[in-house]
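Student: From the sequence below, what's the structure:
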Amino acid sequence: MINSQKSASSGNVCVLLSGGIDSTACMAFYLKQNFSVRCMFIDYGQSAAQREFLSAKAIAKHYHAPFSRLIWSGLHRKNAGLIFGRNAFLLISALMEMPKYSGIIAIGAHSGTSYFDCTSSFFRKMQSIFDAYTKGKIQIGVPFLKWTKHDIMAFCRSYKVPIELTYSCERGLDQPCGQCLSCRDLEILNACT
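Tutor: Residues are numbered from 1 along each chain as shown. Just a heads-up that it's a prediction; the model follows:
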């Protein structure tokens with residue numbers, strides 16, 4: 001597992017781009033370090049899929065990064081908040097789509113959430129699965145694992161990350177909706193600026 005300043009042997013990164021602030025900052029983070037960055041949007045039946053897709057596509061275009069979209073048809077739409085298996089599913093989906101790839105699959109998870117799949121323990125376990133499949137050729141990049149949302153926003157301001165292109169409402173509503181965790185984060189951050 002790769003944290004903020006470590007790098008993989010390859011200069012390739014595939015960023016799991018949700019269209020939100022964290023994944024957009026993650027993309028900017030690797031571009032700033034001169035990695036070759038591509039991005040992948042995964043529609044897994046989330047309520048905000050269409051709006052997230054449009055944001056992710058605009059962000060990829062802004063950065064001139066190759067962009068791909070995966071669509072998974074589940075049994076039902078996913079609600080806002082904790083979705084069991086979400087980050088594991090996203091990481092494994094990216095791994096499945098890149099069998100000959102080497103480098104990093106990056107995700108914008110950060111500290112300050114109560115979700116298990118945003119912890120060091122979770123990412124260590126996922127990395128051991130990746131290692132079993134790829135013999136260490138693919139690392140999981142989590143550059144913001146020890147960063148707070150405020151740290152990410154400071155990074156965005158410093159490096160002119162296009163947060164106006166992002167979309168973060170978990171419910172798929174106009175943001176901030178005032179109810180989901182992502183929109184409450186936005187309200188807090190807006191109040192502090």
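
Student: how many neighbours does Met153 have?
Tutor: Other residues near Met153 come to 23 when the count uses other C-beta atoms under 10 Å. From N, CA and C alone the C-beta is placed, and that goes for glycine too.

Student: how far away is it from Leu75?
Tutor: Met153 sits 36 Å away from Leu75, going by C-beta to C-beta, to the nearest Å.

Student: got the CA coordinates for the strand ranked longest in the chain in PDB?
Tutor: Assignment by DSSP state E gives strand 36-43 as the longest strand of the chain. Presented in PDB, the C-alpha positions along strand 36-43 are these (Å, rounded to 0.1, in the frame of the first residue of the first chain):
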ATOM      1  CA  SER A  36       1.100   9.000 -16.000                       C
ATOM      2  CA  VAL A  37      -2.500   9.200 -14.800                       C
ATOM      3  CA  ARG A  38      -5.600   7.700 -16.200                       C
ATOM      4  CA  CYS A  39      -9.000   7.600 -14.400                       C
ATOM      5  CA  MET A  40     -11.900   5.200 -14.000                       C
ATOM      6  CA  PHE A  41     -15.400   6.000 -13.000                       C
ATOM      7  CA  ILE A  42     -17.500   3.100 -11.700                       C
ATOM      8  CA  ASP A  43     -21.300   3.200 -11.700                       C
END
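
Student: which outside residues touch that strand?
Tutor: The contact list for strand 36-43 (C-beta atoms under 8 Å, 6 or more residues apart in numbering) reads 11-19, 27, 30-31, 49, 52-53, 56-57, 59-60, 63, 65-72, 89-90, 93-94, 97.
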